[in-house]
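S.K.: Following is a predicted model, sequence given first.
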Amino acid sequence: MKEITGNIAAGQNKKIGIVVAQFNGVVTDRLLEGAIGQLHKSGVKDDNIVVVHVPGAFEIARTVNCLAKSGKVDGIIALGAVIRGATAHFTYVCEGTTAQLAAATANGKVPVMFGVLMTDTVEQATDRAGGKAGNKGAECATDVLEVLNLEEQINQI
Ligand SMILES: Nc1c(NC[C@H](O)[C@H](O)[C@H](O)CO)[nH]c(=O)[nH]c1=O
Ligand SMILES: CC(=O)[C@@H](O)COP(=O)(O)O
């Protein structure tokens with residue numbers, strides 16, 4: 001029986017794209033810092049990281065698809081912070097963004113990590129952007145390297 005688990009430490013030569021929403025930038029800046037810092041810790045060279053800033057979460061998927069089709073990156077991290085307001089807009093931004101990114105990672109050329117926070121309060125978001133609940137950006141950094149390595153192993157079966 002062959003069992004495959006991705007090796008995060010094998011990220012030295014990987015090219016990673018990060019698409020980050022500017023909306024709620026106080027939170028998304030922290031997510032970005034976490035992602036970049038973890039990529040560096042995992043051996044990804046700074047020259048092999050490209051960061052694309054988009055207006056809001058709803059714009060992330062289109063840019064992810066554009067970056068994936070470019071062939072310039074091996075994997076992508078999508079970062080954002082959608083925080084509930086007074087109207088139904090939250091629901092539709094979350095639903096649309098989630099559906100589009102799920103399709104992008106399932107059907108696209110490269111794996112896409114879902115680092116878009118969707119919270120009821122600012123506190124919940126800050127807790128997950130370097131606070132007491134960790135940093136979703138850093139989590140996505142290790143996740144993308146793990147997925148890339150396991151897919152390499154699959155291709156060598
Ligand atoms: N309310 C939030 C938004 N709203 C903006 C949308 O994402 C989009 O940019 C706009 O509707 C134009 O298409 N975006 C977030 O990232 N976070 C929010 O809390
Ligand atoms: C997630 C949103 O779009 C939301 O922050 C917008 O706030 P509101 O629903 O009060 O317009």
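M.R.: Structure's in. What do you need? Ligands and ions are numbered 1, 2, ... in the order given.
S.K.: Can you tell me which residues in the protein are near ligand 2?
M.R.: Residues of the chain that fall close to ligand 2, judged by C-beta under 6 Å from any ligand atom: V82, I83, G85, A86, T87, H89, F90, V93. In this view, the C-beta of every residue, glycine as well, is placed from N, C-alpha and C.
S.K.: Looking at those residues, state which has the most neighbours.
M.R.: V82 (24 neighbours; other C-beta atoms under 10 Å).
S.K.: right, is the host helix or strand of that one up against ligand 1?
M.R.: In the assignment (DSSP states H and E), V82 maps to strand 75-83. Yes - using C-beta under 6 Å from any ligand atom, strand 75-83 reaches ligand 1 at G80, A81, V82, I83.
S.K.: Next: stretch 25-43.
M.R.: No - Stretch 25-43 does not reach ligand 1 (C-beta under 6 Å from any ligand atom); its nearest approach is 7.6 Å.
S.K.: Good, we can wrap up now.
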